[in-house]
Structures are given as C-alpha cells and as structure tokens.
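In: Can you look at this prediction? I've put the sequence above it.
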Amino acid sequence: MIILDTDIWIWYVQDDKKLKPNTLQLISDHETAGLGVSAISLWEIAEAVENGGLSLPLPVTDWLEAAILYPGIELLPLTPKIAALSANLPGNFHKDPADQIIVATSLVHSVSLVTYDSKITSYPHIRLLT
C-alpha cells in the first residue's frame, strides 16, 4: 500500500494533468496493493469546495462517494494511534492538522506517501514517493 495525499487523490480521480506521468504510473503500479486515503482527505475536499477553492464536476457528496470507490482506493480511518501521533510528530512539522494526520497515517501504517506538497516533502521523518 501507498498513501495518496489529498491533492494527489483529487488529481488521480479527475485525471488532472497536474499529476506527473511518472506519479500516475507509480499509482497504477500500486492499485492492487492498495491506495490508502486518509479519512481527513474527505473533510479537506468538502472544506475546499465550501470555501470556493475547489470545483468538482459533481456535488461534493456524490464526488466523494464515487472517489472512494475508485480502483484500489482504501479509506483509512482516523484511529486513536494516528490522532495521538499527529499531535506529536517527531522533529519539526508545520501546524496544518490535515497534513499532520496524513503524515501520521503514513507513519502508523509504515507505508510511503505520495505528495508534491513542499511542506511535507521537506519533512525528513517520512518515506515519500513522487
């Protein structure tokens, strides 16, 4: 399994050109092993739509329901262990709670995270795939 950050998941489902061809291939190669998506990504997407920062081709509820059924996607819950770790990540990590939860989810599951977010890619305590 690999974990997709929120933007990567959106771009994957939307077939957006922001997703680099090598990243798309990486995701395709991992479909059968599982493409983890943190439950916090659902909230991030709903918030982005509500605040006007994201436009989807469907109502947000319909889009989210379809997106979690996308091939290989496995919705990963926010567990007590993930919640506790997200508030106590090793080293220095920025204070965005959604990013903290996504990073903690990757660490708890001991899998790589796919992201282009420079605030995450500069964090030395996580395994990344890009």
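Out: Noted; the coordinates are in hand.

In: Which residue ranges of this structure form helices?
Out: Using DSSP state H, the helices of the chain run over 6-14, 21-30, 40-50, 60-67, 80-86, 97-109, 118-121.

In: Could you check those and tell me which one is nearest L129?
Out: Smallest distance to L129 across those (CB to CB): 5.7 Å, for helix 21-30. Backbone N, C-alpha and C define where each C-beta goes, glycine included.

In: what comes up buried for that closest one?
Out: Of all the residues in helix 21-30, those buried under the rule 16 or more other CB atoms under 10 Å are 23, 26-27, 30.

In: possible to save those as TSV with distance to D117 and pLDDT?
Out: Putting these into TSV (distance: CB to CB, whole Å; pLDDT from 0 to 100) gives the following:
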residue	distance to D117	pLDDT
T23	13	96
L26	16	95
I27	16	96
H30	19	94
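
In: ok, of those residues, which one's closest to I120?
Out: T23 (14.2 Å).

In: if you skip the residues just before and after it, what's nearest to V60?
Out: Closest residue to V60 apart from its sequence neighbours, by CB to CB, 6 or more residues apart in numbering: V49 at 4.6 Å.

In: residue contacts, that neighbour?
Out: By CB atoms under 8 Å, 6 or more residues apart in numbering, V49 lies in contact with 55-56, 60.

In: List only buried entries from these.
Out: The buried subset of the contacts of V49 (16+ other CB under 10 Å) comprises 56, 60.

In: For the contacts of V49, give me a markdown table that also has distance to V108 and pLDDT.
Out: Compiled in a markdown table, the contacts of V49 are given as follows (distance: CB to CB, whole Å; pLDDT from 0 to 100):
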| residue | distance to V108 | pLDDT |
| --- | --- | --- |
| S55 | 32 | 96 |
| L56 | 29 | 97 |
| V60 | 27 | 98 |
